[in-house]
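> Quick one, what's the 3D model for this:
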Amino acid sequence: MSRIVSFRGLIESSGQETIPLQTNNGLMGYRIVKFQMMTPNAGTTDYEHTMQIWKVEQTSITAEVNFSNNRLLAAGFIEGAAATNFIGNPLHVIFDNEIFNQDIYITHFDSKSALACNYYLELEQMKLDLNEQTVATLKDIRNIGAQ
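Below you'll find the model as predicted:
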């Protein structure tokens with residue numbers, strides 16, 4: 001049986017936030033089911049917010065999105081302009097259906113104004129059997145070792 005857990009916050013531009021998920025035995029798994037972004041000042045500033053969710057902590061935070069990077073779990077983008085009271089294009093979010101059992105990291109970069117941005121994240125939480133736990137943990141070890 002699974003349940004939904006949610007996280008929310010405000011991240012400064014070029015910032016990173018850790019979502020603590022790691023457990024002692026790794027038998028709890030997670031999958032992204034919803035990822036949303038919202039600027040705190042819609043219609044009042046120019047912004048181009050890019051947020052990404054990673055399997056490993058990032059040392060460099062940019063707006064570049066590369067779906068070939070197997071450490072990337074999700075990416076989202078919104079933009080808006082104050083001069084035209086343009087509140088933004090529809091939120092563009094893409095996320096992987098992968099199950100993970102370790103901490104994840106959300107990064108944010110505003111290409112226009114270096115402003116903060118809100119996020120809302122829902123994860124499906126599920127119990128993993130020993131085989132699923134082994135696969136999820138080995139994927140995590142491989143991601144950390146490949147850095």
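> What about Ile4, how many residues nearby?
Applying other Cβ atoms under 10 Å, we find 10 other residues in the vicinity of Ile4. The C-beta positions use only the backbone N, C-alpha and C, and glycine is treated the same way.
> next one: phi and psi at it?
Torsion angles at Ile4 (phi, psi; degrees, to the nearest 10) stand at phi -100, psi 130.
> Contacts only, for it.
Val33, Glu122, Leu123, Glu124, Gln125 (Cβ atoms under 8 Å, 6 or more residues apart in numbering).
> In this structure the first one contacts Tyr120, no?
What it means is Val33. No: using Cβ atoms under 8 Å, Val33 is not in contact with Tyr120; the gap is 11.5 Å.
> From the contacts of Ile4, which land in strands?
The strands, defined by DSSP state E, take in Val33, Glu122, Leu123, Glu124, Gln125 from these.
> which SSE is Leu73 in?
strand 72-80 (DSSP states H and E).
> mean confidence for the next helix or strand after that strand?
Next helix or strand after strand 72-80 toward the C-terminus (DSSP H and E): strand 92-95. Averaged across strand 92-95, pLDDT comes to 87.
> One more: stretch 57-70?
Rounded mean pLDDT across stretch 57-70 is 95.
> what do you get for stretch 34-52?
For stretch 34-52, the per-residue pLDDT averages 88.
> Leu21 in helix, strand or coil?
What DSSP: H, G, I helix; E, B strand; the rest coil gives for Leu21 is coil.
> Which element, helix or strand, includes the residue lying closest to Cys117 once chain neighbours are set aside?
Among residues not flanking Cys117 along the chain, His49 sits closest, at 4.2 Å (Cβ to Cβ, 6 or more residues apart in numbering). Using DSSP H and E, His49 maps to strand 47-54.
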